[in-house]
Structures are given as C-alpha cells and as structure tokens.
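Novice: Next one to model:
(2 chains)
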Amino acid sequence: MWMSVEVNGHIYEREVTEHWTLLRFLREDLELTGTKDGCSAGECGACTVMLNGQAVNACMVLAAEVDGATVETIEAEAANGELSEIQAAFARNYGVQCGYCTAGMVMSVRELLRHNPKPTVAEIKEGIEGNLCRCTGYQQIIEAVLDVSGQVTNETKGGLKYV
Amino acid sequence: MNDIFKYRAPTSRAELFGLLAAHGEGAKILAGGTDLLVDIRSGLVRPELVINLKKVEDFSDLTWSQSEGLTIGPATTVNDLLHDAKVRDCYPLLADCALTIASHQLRNRATVIGNIVHASPGADMAPGLLCLGARVQIASQRGRREVPLKNFFTGVKRTVLRHDEIVEAIIVPPGTAWSRGSYRKLKRIDGHDLALVSVAVTNKDGAVRVGIGSAAPIPLLIEGLTDQDPADTVVAAARDVIRPISDLRCSKEYREYMIEVFVRRSLEEVR
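Specialist: As a prediction, the model looks like this:
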C-alpha cells in the first residue's frame, strides 16, 4: 500500500508492506532502530512510540494504519546533540543499565508527564506499568522521573524506597 | 508478522459490509488490534484480509444522552471511555473496569467493543457492562439487530456474531446511570495481568446485580437480587452459576474462594 506518514518531523511517502507492523516499518524500512523489539506481543513496552501524540506499542499497530498519521520515536528525543530533560534525568539517576527498555521507558515517561507534570510514586509506577525493565528493579527509573519533575530531595533519593 | 494478509481501510459502512460479505470467514476486523495482532502472530487466526474499521466515517463515537444513555462506538478506545467526563459521572463503574485493562499504551489502542467481541471469559469490561444492562447493536449488509449483552456470549471466545456482522455499538441504558457500583479484579501482580477472577456488583434503587469474570466459559450475570438480601444469599446465587477451572494462573478452589470474598466485599460497598 502507498502511504504517507510523518516520523520525527520528516514526511515519508512510500510503499509499505501491508502485513508489517509499525515497529518493523520503523526499524527495517526507515532504519530507526532506537525503538526496540522485545516481546512482539504488547507485554514489554520496549517498542513504545508516540502515535498522533499518544503512547502506543509499535508492535501492536500495522504500518498501513499510520497512513496520514504523525509518529515520534526516541530518535526525536535528543536535539542538537543534547539529551532531552527526561534522558538526562535517566542518565543522572542511573536509570539505564543494559538500555533495552530505555527507549520505550522514555516514551512512557514523556506521556505520563504530559498528563501529570508532578506524578506521585504510585502514579509513576502506574505510568510505566506497560514497560518491563529487567536490570534496574525500577528504583532508579522512578527516581529519574521524580528528578525530572522537580521532586527529588535528599530524603527521597536512594535507599530502595520505591520498590 | 510472518503471515501474509491483505489490508483494507474502508471509509463507509457500506464498503465495510461489502468486504465482510465477500470475504466471509477469511476476513478479520481490526479495531485496536491488541488481540488480533497477537492472535495472528501466534498463528491462532490466519486471515486473508484484515479490515481496519477506524477509517469508517459513519460510525457513532462515544456519546451520552438522557433518553438513550451511553453509546460506545466501534473505535472508542478504553482510554477514551476512561477519561470521558460523562462516563465518570454516570457510569463510574465502567471507568473502574477500564482502568484495570492492560497498560496505558495498550489502553490507548484497545477498544471497548473489541474487549467484548473477543469474548474472553475474563474480559474486564464484561462484568460492569452486564450489571449495567448493556445491549449490543449488531450490523451487516442484511440489516441491524440488537441483543442484550447477557445473551451475546456463547462460549470461550465465541459469540452470536456471524462472519459478515460487526458490533456497531454497545448501548448502556439511561436507567442504570448513577448506579452504586464496585469492581474487584484479582491479579498475580500489581502491574498489568489478566484477571484470575473479577467481580462487579451494582445497586440501583435496591436492585442488586452481580457480574463475574473468569469463573465460567462466559462472563456471568446474576439478576433478581435486592439490597435486602443477606450476603449469604448473594454468595449462594454466585456459587450456583460459577464453573471455574484450574489453569496456569491459579486453581479452581482459589477462584471459588476469592469470588465469594469479592462478592461479600463489593456487596458491602454498594449497600
């Protein structure tokens, strides 16, 4: 199918394989490999991207469905060689270990903060419940979100408080 | 996605019904895709044609009116329902049910009607919609028909829907608006998980209804109870109809036990 889609501010017009997912289209056609393929079944959230401004699992969307839509991926997060505020907070708080979940995690955090600029720990956990991380135990990621939303103090930092 | 299928995105009901009539069993409807794409990938279904219904322009959206109640359209996502001010005001139970479905990303795509049409015994929207007396509006090239939700399910992942038909709307009648309601879902973890059991209880002007999920091949509804009935009577009515199984998630006995616990707690909450 011939389609037109805006990805990270660029318009792509091309033939798309009708049975491919958005995830495969992004990674193999557009070579945007920052978005990761974890479970391919909507369980792990590694492939989370923004579709028309909403976080979705790219493995759960057909590429053909995004005809006319706007997609943003992790590649749009850093600008001019500078990490975004969310990315910098992840780095500062050691919220990245192997990094496989990070792209999707950052997308989910962005969606959470858009709706809720100062989330509580419970709300952060709910916001990232669709993203699995097998390294950090989530503690550092939760701290990164508290940090980027301006809620970190010496008392809230460290000590495995949020797991 | 290894299986090859064709994709179409009709823009009108007529075009959609024409495709369904022409392709019969070979066609599958794609709404949110959160069940269909998983089923295709695992080889459970092998459609020759996938029909995206989100581009159809003459379907209804999520609407509410005093005379008709709540109409849920084919493209209404779980998050649309969850964040709708009218739903939160008139049918907060539905928002409670919706919030327990999967994760935020999936709720952005998954549709309410898809949750019902997929007909999982543990469908999270089913117990609440059953309690609220929802009706299912079915349409095809041959016309329209309507069935009460309690008559819609026929077995595990089976419904009265024929191959050329789609669910065009789910209608929640105005009569059950502002019911007192309570939904409880048992999961293995705090994060997203399927229901081990789920129980919804409503009380509308003294009439009590109980909806139960993951307790039988289909979601169950118990009617004809009142808020004067002792809890033991309601629990006995639930015991009469449930037929839980043991599976990888938990045992039959645990399900029976927790259904009783949930019925008692939710009943207390709506009295």
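Novice: So what's the residue count around residue 122?
Specialist: Since you didn't name a chain, this refers to chain A. Residues lying near residue A:122 (other C-beta atoms under 10 Å in any protein chain shown) number 10. For glycine as for every other residue, the C-beta is placed from the backbone atoms N, C-alpha and C.
Novice: The chain in question should be chain B.
Specialist: Neighbours of residue B:122 using other C-beta under 10 Å come to 17.
Novice: What's the local residue count around residue A:64?
Specialist: 25.
Novice: Kindly report the same for residue B:150.
Specialist: 19.
Novice: Also residue B:24?
Specialist: 12.
Novice: quick check, residue B:162 in a helix?
Specialist: No - Residue B:162 sits outside any helix when classified using DSSP: H, G, I helix; E, B strand; the rest coil, being coil.
Novice: can you count the residues close to the closest residue to chain B within chain A?
Specialist: Nearest residue of chain A to chain B: residue A:130, at 2.5 Å (C-beta to the nearest C-beta). Neighbours of residue A:130 under the rule other C-beta under 10 Å: 26.
Novice: likewise residue B:76?
Specialist: 25.
Novice: Now it. Nearest residue, chain neighbours left out?
Specialist: residue B:62 (4.6 Å; C-beta to C-beta, 6 or more residues apart in numbering or on different chains).
Novice: ok, that neighbour - contacts?
Specialist: For residue B:62, the contacting residues are B:70-73, B:76, B:80-81, B:84, B:87, by C-beta atoms under 8 Å, 6 or more residues apart in numbering or on different chains.
Novice: domains for chain A, by residue range?
Specialist: A:2-76, A:85-148 (automatic domain parsing).
Novice: Kindly reformat those as a markdown table containing mean pLDDT and distance to residue B:36.
Specialist: Supplementary listing: the domains of chain A in a markdown table, determined by pLDDT from 0 to 100; distance: least, C-beta to C-beta, whole Å:
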| stretch | mean pLDDT | distance to residue B:36 |
| --- | --- | --- |
| domain A:2-76 | 97 | 9 |
| domain A:85-148 | 95 | 18 |
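Novice: Redo those as TSV? Include distance to residue B:15.
Specialist: As requested, the domains of chain A are exported to TSV (distance: least, C-beta to C-beta, whole Å):
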stretch	distance to residue B:15
domain A:2-76	16
domain A:85-148	34
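Novice: Find the helix or strand that residue B:240 is a member of.
Specialist: helix B:231-241 (DSSP states H and E).
Novice: Give me the buried stretch members for that helix, please.
Specialist: Using 16 or more other C-beta atoms under 10 Å in any protein chain shown as the burial criterion, the residues of helix B:231-241 that qualify are B:234-235, B:237-238.
Novice: which regions of chain B lie under the pLDDT threshold?
Specialist: Across chain B, residues meeting the criterion (pLDDT under 70) sit at B:1-3.
Novice: which residues touch the top helix by length along chain B?
Specialist: Counting residues, the longest helix found in chain B (DSSP state H) is helix B:252-270. Helix B:252-270 has contacts (C-beta under 8 Å, 6+ apart) with B:180-184, B:186, B:196-203, B:208, B:210, B:212, B:214-215, B:227, B:231, B:234-235, B:238-239, B:242, B:244-246.
Novice: Show only the entries of those found in strands.
Specialist: B:180-184, B:186, B:197-203, B:208, B:210, B:212 (DSSP state E).
Novice: Among those residues, name the ones that also lie close to chain A.
Specialist: Among these, no residue is within reach of chain A (C-beta under 8 Å from any C-beta of the partner chain).
Novice: So which of the domains of chain A is nearest residue B:21?
Specialist: Minimum separation from residue B:21 across the domains of chain A (C-beta to C-beta) falls at domain A:2-76, 21.2 Å.
Novice: all helices for chain A, in order.
Specialist: Under DSSP H, chain A gives helices at A:22-24, A:85-92, A:102-115, A:121-127, A:139-148.
Novice: wait, which of these is closest to residue B:145?
Specialist: With C-beta to C-beta as the yardstick, what comes closest out of the helices of chain A is helix A:22-24 (35.3 Å).
Novice: For chain A, what lies in contact range of chain B?
Specialist: A:1, A:18-21, A:24, A:40-42, A:45, A:48, A:54-57, A:59-62, A:64-65, A:67, A:108, A:111-112, A:125-127, A:129-131.
Novice: Let's see the PyMOL selection covering just the buried ones among those.
Specialist: In PyMOL syntax, the buried subset of the residues of chain A next to chain B is picked out as below (16+ other C-beta under 10 Å):
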select buried, chain A and resi 18+19+20+21+24+40+42+45+48+54+55+56+57+59+60+61+62+64+65+67+108+111+112+125+126+127+129+130+131
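Novice: ok, which stretches of the chain are strands?
Specialist: The chain I'm using is chain A. With DSSP E as the criterion, chain A has strands spanning A:2-7, A:10-15, A:48-51, A:54-57, A:70-72.
Novice: ah, I was thinking of chain B
Specialist: B:6-8, B:27-30, B:49-52, B:63-65, B:69-72, B:135-140, B:143-148, B:153-155, B:158-159, B:166-172, B:180-186, B:197-204, B:207-213, B:220-226.
Novice: out of the strands of chain A, nearest to residue B:145?
Specialist: Nearest of these (C-beta to C-beta): strand A:54-57, 33.2 Å.
Novice: Give me the contacts around that closest one.
Specialist: So strand A:54-57 is contacted by A:42, A:45, A:47-50, A:107-108, A:110-111, A:130, B:34, B:79, B:104-106, B:108-109 (C-beta under 8 Å, 6+ apart).
Novice: For that strand, which strands pair with it and how are they oriented?
Specialist: Take DSSP bridges as the rule and strand A:54-57 pairs in its sheet with strand A:48-51 (antiparallel).
Novice: list the contacts for residue B:47?
Specialist: B:5, B:26-28, B:40.
Novice: Of those, just say which sits nearest to residue A:91.
Specialist: residue B:40 (38.1 Å).
Novice: neighbours of the closest one, just the number please.
Specialist: 22.
Novice: Could you double-check that it sits in contact with residue B:48?
Specialist: No - taking contacts as C-beta atoms under 8 Å, residue B:40 lies outside contact range of residue B:48: 11.5 Å.
Novice: Give me the common contacts of these two.
Specialist: residue B:5.
Novice: dump the residue contacts of the most centrally placed residue in chain A.
Specialist: Centroid check for chain A by C-alpha atoms, centre = their mean gives residue A:107 as the closest residue, at 2.4 Å. Residue A:107 makes contacts with A:48-50, A:55, A:73-74, as judged by C-beta under 8 Å, 6+ apart.
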